[in-house]
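Q: Sharing a model prediction with you, sequence too.
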Amino acid sequence: MQIRLIWEDPVTGESKEPLLTVPIALGREFERLPDVLDGHRVCRIVLNSLEVSRYHASIEIQQDQLIIVDRGSSNGIIVNGQKQSQIQVEPGDTIQIGNYQISIALPSTTPTISSQIRFNSVTNRPDLRGTIPPETATNSCLPPIFRQEQLDPQAIHATGIPVEEVEYATIGGGLGSFIWVDLLRVGGVSTERIRVLGMEQQPYGRYQQLCLNAQIVPQERLRSPADARPDNLWGFPNYATQEAIRGISKGKLKSSLYHLWQVFAEPILANTYTPKSGDVIAAIDREAARISWRRMIRTAHVQAIRKTTDGRYAIVYTCQQPTDYACTIARYVHIATGYPALQFLPDLQAYRDRTQDFKTVVNAYEPHEHIYEHLATYGGTVLLRGTGIVAARILQKLYTIRRNNNRVEIRVIQLLRLAKTEGNKYGLADRKVEHNYEFQPFNWPKSAWGGQYKSTLENATLEQRQHLLADWGGVTTTDRRDWRKIITGGINKGWYQIVYGEVQHVLPRASSSGTITTVRESGVKGEINLESDFIIDATAVDAPIMASPLLQDLVQQYNLPINHLGRLTVTPDFELVEMANQTGKIYASGSITLGNYYAPVDSFLGLQYAAFQIVQDLLARNPIELKPLVLIRSLAQWWKWIHNRSPD
């Protein structure tokens, strides 16, 4: 007998849907799981959590019935909300093992296909019609010389394409690149030694657009601490102090003092302070001008990275035209390309493939302002998929439109695969959950940023790191009273509804615009149809690195190892050790390094931490112009930052 088990990775949110033959053993350690039960070979499933016992449970056939058996686990198994030691299960049932919620489905259930929204190679924005799987990365279109693994710099010059040589180069051009370059500039490196290769002139270009699409407008607050300033490596004055000073100057004494109180009393006595999106963007603009960012940036779509015979790296890219090649040769290279792509729910992808309807069914990170304009005028029903900060912000937007337009009726149906009743646990820590939203100010425990948990992760073995990351969990929502009040009020007034189940298919309505989503409800026999005018996918899951043609080419060309989360394997210094080339080094930071020695890699503080680690490693190699930030130099550079003077 075959069944399909469906769950989401607790770190990345990616869907796992293996088709398995019963019997099945589930536990934390592969070696402790039996390979044979009652004479039948066992499918062994490893769940990376310390809340899961080494051999936790088994799914077997007994008297022609599908049975789940607790194998003496510490935390037990919960089936459809009830703790059980042994019970019959069937498709539609939900099993909780540790912090994993697993649903059982029939073999005929269509597995999740990699459905991705890629970033347009020209605009660097989510491509509405770019949801087809990316083409296999290949170097067949490159100039012939760049198809080799190691190149002679003189041979590159001989091709006639424009070539420039610098000491430091960063690929991506976003916030990761900006933070690293900012530290280099503060450390004494001149603009002539640095090259930034990216699609945007502003380092926050893609980030800002994704925020706007997800309805995080300039006055909305991000999920980031007060002292995590991409523009200020010292972290002082922090955003809370800056906002308080500005508020006091405008006579807003009460709110200004409250922001300072938040920083002092968070998270026990006050909600955690988080900065406004607009304040972050304005601060980055100021710092970009101060370090002369425009002098270093080159508009470039990077195609490949190759080692050179003299211990450096050749970075080949196109400019305005697909065949308009140029090359930068650098000794130290930093890769910070951000999310390779955004995952799109496969049932919604299938709908768009069939209908070519890109207006009714959208991803939260795509431009979809037309939905809110339509609702404000005509009302309607929105089917919202997913939870987390993006879903919470969109729900807040829908609530605001509903409140400001009493003449129209707006309904929200939030469709979730499974009910979430418990948050991630680690030791005595237990995340609070309310109405399926898991509350914590940031994705990771705050001590993982630079305290006890950070040290624990650094000193852990590979297997231990997998367990730790799974137990700490992934995406969460800031515990904001206004969001919780919206949900509670919506349920009580009937305009907000939560439905749990597996989507069978999504079809257009025959009589009018909109969709009908057929759902097999969790723990309920039969199916229901959910009619809506619009569907918004707010699951907000980023794709593994192989979705990026550049990273796929790099991995395949140099046989780079990929970690258990499908990201690049790096050292504690964020180096790609397999890419070492005599004195040359390649480093990576951001989301493409998730799952290694540092947890919050794609946060502001995470990007700053990576930049510091990389620069410290560079200083040990006596690099050109780069100087250590000893006390006197650091104070002098901070003073220049305060007065907005160039670091040179």
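A: Everything's here; your move.
Q: Tell me which stretches of the stretch 401-550 of the chain form helices.
A: Using DSSP state H, counting those that start in this stretch, the helices of the stretch 401-550 of the chain run over residues 452-459, 462-472, 481-493, 549-558.
Q: And for the stretch 151-300 of the chain?
A: Assigned by DSSP H, counting those that start in this stretch, the helices in the stretch 151-300 of the chain fall at 153-158, 175-186, 205-213, 239-249, 253-265, 277-290, 293-296.
Q: and Arg520, which of those helices is closest to it?
A: helix 205-213 (30.7 Å; C-beta to C-beta). Where you see a C-beta, it was placed from the backbone N, CA and C, and this is true even at glycine.
Q: Can I get the closest one as CSV, trimmed to CA atoms?
A: As requested, the backbone C-alpha atoms of helix 205-213 are provided in CSV (Å, rounded to 0.1, in the frame of the first residue of the first chain):
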residue,chain,number,x,y,z
GLY,A,205,15.6,48.4,-5.3
ARG,A,206,14.3,44.8,-5.2
TYR,A,207,13.7,44.8,-1.5
GLN,A,208,11.6,48.0,-1.6
GLN,A,209,9.5,46.7,-4.5
LEU,A,210,8.8,43.4,-2.7
CYS,A,211,7.8,45.3,0.4
LEU,A,212,5.4,47.6,-1.6
ASN,A,213,3.9,44.6,-3.4
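Q: Just the pLDDT at the residue lying closest to Arg125 once chain neighbours are set aside, thanks.
A: By the measure of C-beta to C-beta, 6 or more residues apart in numbering, the closest residue to Arg125 outside its immediate chain neighbours is Gln209, 5.8 Å from it. Gln209 is assigned 94 on the pLDDT scale.
Q: Repeat that for Thr138.
A: You'll see Thr138 listed with a pLDDT of 47.
Q: And Arg431, by the same measure?
A: In the predicted model, Arg431 carries a pLDDT score of 86.
Q: ok, now which ones touch it?
A: With contacts taken as C-beta atoms under 8 Å, 6 or more residues apart in numbering, Arg431 has the following neighbours: Gly423, Asn424, Lys425, Glu438, Phe439, Gln440, Gly473, Thr476.
Q: Reformat the residues you listed as JSON lines; add pLDDT and neighbour count.
A: As requested, those are exported to JSON lines (pLDDT from 0 to 100; neighbours: other C-beta atoms under 10 Å):
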{"residue": "Gly423", "pLDDT": "84", "neighbour count": "18"}
{"residue": "Asn424", "pLDDT": "84", "neighbour count": "23"}
{"residue": "Lys425", "pLDDT": "84", "neighbour count": "18"}
{"residue": "Glu438", "pLDDT": "88", "neighbour count": "20"}
{"residue": "Phe439", "pLDDT": "87", "neighbour count": "17"}
{"residue": "Gln440", "pLDDT": "85", "neighbour count": "23"}
{"residue": "Gly473", "pLDDT": "85", "neighbour count": "22"}
{"residue": "Thr476", "pLDDT": "84", "neighbour count": "23"}
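Q: The residues you listed in strands, which ones?
A: Cross-referencing the contacts of Arg431 with the strands (criterion: DSSP state E) gives Lys425, Glu438, Phe439 as the overlap.
Q: Could you dump those residues into TSV with distance to Ser224 added?
A: As requested, those are exported to TSV (distance: C-beta to C-beta, whole Å):
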residue	distance to Ser224
Lys425	24
Glu438	18
Phe439	16
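Q: hang on, His56 packs against Leu47?
A: Yes. With contact defined as C-beta atoms under 8 Å, His56 reaches Leu47; the gap is 7.3 Å.
Q: any residues in contact with both of the two?
A: Applying C-beta under 8 Å, 6+ apart, one finds that His56 and Leu47 are jointly contacted by Leu26, Gly27, Arg28, Ile97, Gly98.
Q: for the stretch 501-648 of the chain, what spans make up the strands?
A: Secondary structure of the stretch 501-648 of the chain, counting by DSSP state E, counting those that start in this stretch: strands at 515-521, 527-532, 534-537, 585-588.
Q: what residue ranges in this protein score low on pLDDT?
A: Counting by pLDDT under 70, the chain has low-confidence residues at 108-114, 128-140, 523.
Q: which residue is nearest the middle of it?
A: Centroid-nearest residue in the chain, with C-alpha atoms, centre = their mean: Asp542, separated by 4.9 Å.
Q: got a list of what the residue lying closest to Ile498 once chain neighbours are set aside touches?
A: Nearest residue to Ile498, sequence neighbours excluded (C-beta to C-beta, 6+ apart): Gln414, at 5.0 Å. The neighbours of Gln414, taking C-beta under 8 Å, 6+ apart as the test, are Leu384, Arg385, Thr387, Ala391, Leu395, Asn436, Tyr496, Gln497, Ile498, Val499.
Q: The fourth one reaches Leu384, doesn't it?
A: Read it as Ala391. Yes. Checked against C-beta under 8 Å, the pair Ala391 and Leu384 is within contact range at 6.0 Å.
Q: Now list whatever residues contact both of those two.
A: By C-beta under 8 Å, 6+ apart, the residues touching both Ala391 and Leu384 are Gln414, Ala538.
Q: Tell me which of His56 and Leu47 has more neighbours.
A: Ranked by neighbour count (other C-beta atoms under 10 Å), His56 and Leu47 place His56 first, with 28 against 22.
Q: residues contacting that one?
A: For His56, the set of contacting residues under the criterion of C-beta under 8 Å, 6+ apart consists of Leu26, Gly27, Arg28, Leu47, Asp70, Arg71, Ser73, Ile77, Ile97, Gly98.
Q: Distance check, it against Lys425.
A: Between His56 and Lys425 the distance, using C-beta to C-beta, to the nearest Å, works out to 15 Å.
Q: And for Pro340?
A: The spacing between Pro340 and Lys425, counted by C-beta to C-beta, is 31 Å.
Q: returning to that earlier point: name the stretch from the strands of the stretch 501-648 of the chain that approaches Pro18 most closely.
A: Counting by C-beta to C-beta, Pro18 lies closest to strand 515-521 out of those; the figure is 18.9 Å.
Q: tell me how far that closest one is from the chain's mean position?
A: Offset of strand 515-521 from its chain centre (C-alpha atoms, centre = their mean, to the nearest Å): 28 Å.
Q: Ok, stretch 448-457 next?
A: Relative to the mean C-alpha coordinate of its chain, stretch 448-457 is positioned 20 Å out (C-alpha atoms, centre = their mean).
Q: Now that stretch: buried residues?
A: For stretch 448-457, the buried set under the neighbour-count rule, 16 or more other C-beta atoms under 10 Å, comprises Ala448, Trp449, Tyr453, Lys454, Leu457.
Q: farthest pair in those?
A: Checking the buried residues of stretch 448-457 against each other with C-beta to C-beta, the farthest-apart pair comes out as Trp449 and Leu457, at 10.9 Å.
Q: residues shared between the contacts of the two?
A: Contact criterion C-beta under 8 Å, 6+ apart; residues shared by Trp449 and Leu457: Ala599.
Q: How many neighbouring residues does Ser73 have?
A: Residues near Ser73, counting by other C-beta under 10 Å, number 20.
Q: how close does it get to Ser49?
A: Applying C-beta to C-beta, one obtains 12 Å for the distance of Ser73 from Ser49.
Q: Spit out the contact partners of Asn213.
A: In this structure, Asn213 makes contact with Pro126, Ala364, Tyr365, Glu366, Pro367, His368, judged by C-beta under 8 Å, 6+ apart.
Q: Please tell me how far it sits from Pro230.
A: Using C-beta to C-beta, one gets 20 Å for the distance from Asn213 to Pro230.
Q: How about Leu47?
A: If you go by C-beta to C-beta, the gap between Leu47 and Pro230 works out to 36 Å.
Q: again with Val46
A: Separation of Val46 from Pro230 (C-beta to C-beta): 37 Å.
Q: Give me the more crowded residue out of these two.
A: Between Val46 and Pro230, counting by other C-beta under 10 Å, Pro230 is the more crowded of the two (25 against 18).
Q: follow-up on the earlier one: save the helices of the stretch 401-550 of the chain as a markdown table, and put in distance to Tyr239 too.
A: A markdown table is the format used below for the helices of the stretch 401-550 of the chain (distance: least, C-beta to C-beta, whole Å):
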| stretch | distance to Tyr239 |
| --- | --- |
| helix 452-459 | 22 |
| helix 462-472 | 25 |
| helix 481-493 | 20 |
| helix 549-558 | 32 |
